[in-house]
Each structure stands twice: as C-alpha cells, then as structure tokens.
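Asker: starting from these lines, generate the structure:
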Amino acid sequence: MISLEHLGKTYGAGEMKTEVLKDINLHIDKGEFVAIMGPSGSGKSTLMNIIGCLDRPSAGKYFFEETAIDQLNSDQRALFRRYKLGFIFQGYNLLKKTSAVENVQMPLVYQGITPKKRRLLAYEALKSVGLEAYIERDSSQLSGGQQQRVAIARAIVTNPSLLLADEPTGNLDTKKSHEIMMLLSDFHAKGSTIIMVTHEEEMAQYASRIIHLRDGEVERIEDVR
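Answerer: Down below sits the predicted model:
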C-alpha cells in the first residue's frame, strides 16, 4: 500500500539547515498495523505528517497504491486526505458545544453526503465504538476515553483506506489506553490498515511491526507477531 523510497525532510538552509528525516526506505502492506516509535526529535511526527499529506518531503518518493503522492499539488493532496485517510489525534480535536454524532458527521459534510445519510453513518460509527447511547451528548460532557472513542468513530466514518493515529492514548490512563488499543486491534482484525505513532512500548505491542526511528533514520524494524 505504502512505499517510501529514500525519503528525506529538511528544514532551513545554510547554517540553519536541519535534516529531520534521512533516507527513509519503508514498505507498508495493506492490512498491516504498524507502530512508529522513537525518542523526542527522532522524526516520527514528521514522518507521520508526510504519510498523512500534512507535510511534503524534501527528497525521495512517496507512493500510495501506486499514486506518486509527492507529485500531487495542494488541492490533490487535500482530496487524497479527504477520501483515503482517517486521522486520530492525541488531543481528540472535537468541536466544542457539539454533540458526538455531529462531530462524527464532519468528514462526511466535506464529502457532500446528504444530512440523512451522514447521520445514519455517524450513528453506525459510534455504535461500532460502543457509544450508541451517547450520540446526542455534548463532547464536553464525555470522559477522556469516550472523547477518544468519538474521535475514532469520526476517523472511520468515511471508511478510509488508512487510519493514522498520532499518540492516541497519550492523554489517557492505563486502563482507558488498553480499551482504545483493543478497539484499534478490532478494526485491524477486520481489515483496517493502521499506522500509529506512540512513545509507549506497552501500546506499541498491539501492532504487528514496530519501526524504531532515531535521529531521523530507521534504526531497526521489529516484528511483534
């Protein structure tokens, strides 16, 4: 599904030049669950942003299902994000004073789905994360774990080809973290392709492969199971 060839990312120039990613070569198959780990400054967030079309590489190639993503213009990348990707963030990024079902519907609005159909799809997504009883609950009235479930429902409601999870358990306690990881594992078992950035070794063990970064380079790749 994903092929990164000699990928690099540089910020600044001259004496201010900083290489954040250096000669990254990775292949991720459809249906994989991959965790990206590394210390602060290792480049893991930059790599996630490039895969998610939120940033562009300075060098190398990025192919997604044979499409050369690094050659797309900004409008084409926006369409790619809208129809191919689902994002789960550490901070949930839910709209305030807005119900769970309205939050989950937002990606469908941008796809031009009719109000009736997008409410139905949002309800089904919330049901899949165990929140069908909370669809009209304001996001501020939900616990951290429930808010992250809403964020997951929002990410999957468009049936994306790839789920990108950036520190999805970073704001949760251990019990809620494992609940969220079990949800992601269930979606993976049903065929979802997932790439997750995490600094928690315990959570990374839910993945099938762990890519360890250090100083902008792939240090090693670990097969979990």
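Asker: now do the same contact list for the most centrally placed residue in the chain.
Answerer: By Cα atoms, centre = their mean, the chain has its centre lying nearest to residue 164, at 1.4 Å. Listed by Cβ atoms under 8 Å, 6 or more residues apart in numbering, the contact set of residue 164 reads 48, 51-52, 85-88, 194-196. From N, CA and C alone the C-beta is placed, and that goes for glycine too.
Asker: do that again at 7 Å, thanks
Answerer: 48, 51-52, 85-87, 195 (Cβ atoms under 7 Å, 6 or more residues apart in numbering).
Asker: and which of these is nearest residue 14?
Answerer: residue 48 (27.4 Å; Cβ to Cβ).
Asker: still on that earlier bit, now, the contacts of residue 164 that are in helices?
Answerer: If you go by DSSP state H, the contacts of residue 164 have 48, 51 in helices.
Asker: helices or strands up against the longest helix along the chain?
Answerer: If you go by DSSP H, the chain has its longest helix at helix 174-189. In terms of contacts (3 or more Cβ pairs under 7 Å, 6 or more residues apart in numbering; DSSP states H and E), helix 174-189 is packed against helix 144-156.
Asker: picking that back up, could I get the contacts of residue 164 in a markdown table, plus columns for distance to residue 154?
Answerer: Shown next, in a markdown table, are the contacts of residue 164 (distance: Cβ to Cβ, whole Å):
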| residue | distance to residue 154 |
| --- | --- |
| 48 | 18 |
| 51 | 19 |
| 52 | 15 |
| 85 | 12 |
| 86 | 8 |
| 87 | 9 |
| 195 | 17 |
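Asker: ok, the contacts of residue 164 vs residue 8, which is closest?
Answerer: For the contacts of residue 164, the nearest to residue 8 is residue 51 (14.2 Å; Cβ to Cβ).
Asker: my guess is that closest one contacts residue 195. True?
Answerer: Yes. Assessed by Cβ atoms under 7 Å, residue 51 is found in contact with residue 195 at 6.4 Å.
Asker: tell me where the chain has helices.
Answerer: Going by DSSP H, the chain shows helices at 44-51, 74-84, 100-110, 115-128, 144-156, 174-189, 201-204.
Asker: closest to residue 211 out of those helices?
Answerer: helix 44-51 (8.5 Å).
Asker: buried ones in the closest one?
Answerer: Residues 44-51 are the ones in helix 44-51 that count as buried (16 or more other Cβ atoms under 10 Å).
Asker: which one of those sits closest to residue 137?
Answerer: For these, the nearest to residue 137 is residue 48 (29.8 Å; Cβ to Cβ).
Asker: the closest one and residue 63, how far apart?
Answerer: Distance of residue 48 to residue 63, given as Cβ to Cβ, to the nearest Å: 17 Å.
Asker: before we move on, what about residue 191?
Answerer: 21 Å.
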